[in-house]
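> Quick one, structure for this:
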Amino acid sequence: EMMMQTTAVRNWSYVHKMRAVTQDLAGRISKEFSDVHGFDPVIFLRMLDQMTDIVQERINEHRLKTVEFLRQKNYVRMMDAYEAHFPVSKMSPENRRKLWEMFRKDLKQLGAMFLMHSDYFLENLFTFDMDTLAGLCDHQITAEKLKEIFSEITYNFGDLVAHDAEHFILGNPVHNKPFIWISDRAVFSSLWSVMTHLSIGLLEDFCAKNDKLRKKYNEVRGIYLEDEIASLFKSTFPMASIFSGSKWKGKDDKEYENDLLVIIDKFALVVEAKAGQVSPPAKRGAPDRLSKTFKELIEEPSDQALRFIEYLQENPKELSLKVKKGPNNRVNAEPLKYFIPLGVTLSHLGMTGSNLKQLIKAGVTTKPIEGLITSVSLTDLQIVFDLLPLAAEKVHYLQRRRELEASIEYAGDELDLLAWYLDDGFNLGPNE
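Numbering: from 1, shown residues only. Modelled structure (predicted):
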């Protein structure tokens, strides 16, 4: 069952949000990346986005061409339209009559044949040569350099013959190399509907080829997530008191740090950010790697948030908390009555991240449900905040979200839960 759930750990969010996340991350490592690989990742990613848009335009144009010949009312006009819109030889009147009689003078059958024949030209919709791609980059990446880059993310026919087919569904190798060489200077892909979601994986694979760059990228992921969370909460709750990076000492005399504290009247949102990645084995449901991944992305922020809440509850007074740089955070914990812990990840965990009881049942974590906090990906949280207009609704959603997770069993990801909330506000009625 856990392996079935992790099949959802693929795409993070809507196309425009994925493009923003991927290009923002690439922009923060652009110099280091360029020094290692010899090209700007932002330019390359924008080129992939342009390719996706162009393919969509080509598909729409192809569809309009098929509509044009299918709408004709007699076979002569249908053949005229087909020959006008597709690169085929013109037929003589005699051959046209023979073809018309071959299909029993049935216009629908003739149209169906032309529709199938038009599929011969679909390959061209999904194919790009290196010179065209260089033009999309304004030649900031040369055609020869692009050929070198695509050699890292493109298969030749037959390359996967020896690959373990059992991994194709849960660990598809095409996600890491979504292109096929169809000539020495042209690539083909049929994955344009998910190319935006694969782009971040391509970026990370390039980063992983160099230890220094990989470390820099992992560092940037953490900083980016914390910055985005802080910006999101500041724009969403302009009336709140918001504190980042508060340091405090626990009962064990160790120093701990809270990523973000958001105080709204008597409510305190205690937010912890985790930017770790979900490895391919974890996506396939491998027990050891899955357990390690969720320990990092769910258990650790749970411990941190609940520990800080306990500290605030035991110290209901004016607190002066150290930060890495700048003046201390002065937090008045006295009026706080309600505490809502929240873990925010950069990677999307699919249904597994929003079904903590399933993790417990599967033995991925030994913690009780009370010891785990709600975990939401950054892009899902942005959608939740976008669709709930009032600050009170957002706070209520997060509060009820945690209550439901502890008290009932359900199956669904964060957007399923949001749809439920929009429908009836998580109101279970007499069943609660």
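
> wait, V364 sits on E299?
No: if you go by CB atoms under 8 Å, V364 and E299 don't touch, sitting 9.5 Å apart. All C-beta spots, glycine's among them, are computed from the backbone N, C-alpha and C.

> Tell me how many other residues crowd V194.
V194: 15 surrounding residues under other CB atoms under 10 Å.

> what's the span of stretch 122-135, first residue to last?
In stretch 122-135, first residue to last residue: 22 Å (CA to CA, to the nearest Å).

> Please work out which residues outside it touch it.
Outside stretch 122-135, the residues that touch it by CB atoms under 8 Å, 6 or more residues apart in numbering are 47, 51, 55, 58-59, 62, 141-144, 146-147, 150, 182-183, 185-190, 192.

> Looks like L107 contacts R71 (just checking).
No: when contacts are counted by CB under 8 Å, L107 is not listed as touching R71 (10.7 Å).

> who's more crowded, the two?
The neighbour comparison of L107 against R71 (other CB under 10 Å) goes to L107, with 15 against 11.

> if I pick the more buried one, what's in contact with it?
L107 is in contact with 73-75, 78, counting by CB under 8 Å, 6+ apart.

> just the buried members of the residues you listed?
Buried members of the contacts of L107, counted by 16 or more other CB atoms under 10 Å: 75, 78.

> hey, where'd the strands end up in the stretch 51-200 of the chain?
Remark: strands assigned in the stretch 51-200 of the chain by DSSP state E, counting those that start in this stretch are 127-129, 154-155, 179-183, 186-188.

> Let me have these in a markdown table, extended by mean neighbour count, mean pLDDT and distance to Y410.
Shown next, in a markdown table, are the strands of the stretch 51-200 of the chain (neighbours: other CB atoms under 10 Å; pLDDT from 0 to 100; distance: least, CB to CB, whole Å):
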| stretch | mean neighbour count | mean pLDDT | distance to Y410 |
| --- | --- | --- | --- |
| strand 127-129 | 18 | 98 | 44 |
| strand 154-155 | 17 | 98 | 40 |
| strand 179-183 | 16 | 97 | 39 |
| strand 186-188 | 19 | 98 | 42 |
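
> Out of these, which is closest to Y311?
Closest approach to Y311 among these (CB to CB): strand 179-183, 51.5 Å.

> quick one: strands adjacent to that closest one?
Sheet pairing for strand 179-183, assigned by DSSP bridges, gives strand 154-155 (parallel), strand 186-188 (antiparallel).

> Put together TSV for those, with distance to N332 on each row.
Formatted as TSV, the strands paired with strand 179-183 follow (distance: least, CB to CB, whole Å):
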stretch	distance to N332
strand 154-155	58
strand 186-188	59
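
> out of the ones you listed, nearest to N315?
Across the strands paired with strand 179-183, N315 has its closest neighbour in strand 154-155 (58.0 Å, CB to CB).

> give me the low-pLDDT residue ranges for this structure?
Low-confidence segments of the chain (pLDDT under 70): 1-12, 278-290, 350, 352, 431-432.

> In it, where's the longest helix?
helix 41-70 (DSSP state H).

> Tell me the buried residues in that one?
Within helix 41-70, the residues scored as buried using 16+ other CB under 10 Å are 41-49, 51-52, 55, 58, 62, 65-66, 69-70.

> Which elements pack onto that helix?
Contacting helix 41-70 under the criterion 3 or more CB pairs under 8 Å, 6 or more residues apart in numbering; DSSP states H and E are the following elements: helix 15-28, helix 30-37, helix 75-85, helix 107-118, helix 122-125, helix 130-136, helix 195-208.

> Sweet, I'm off.
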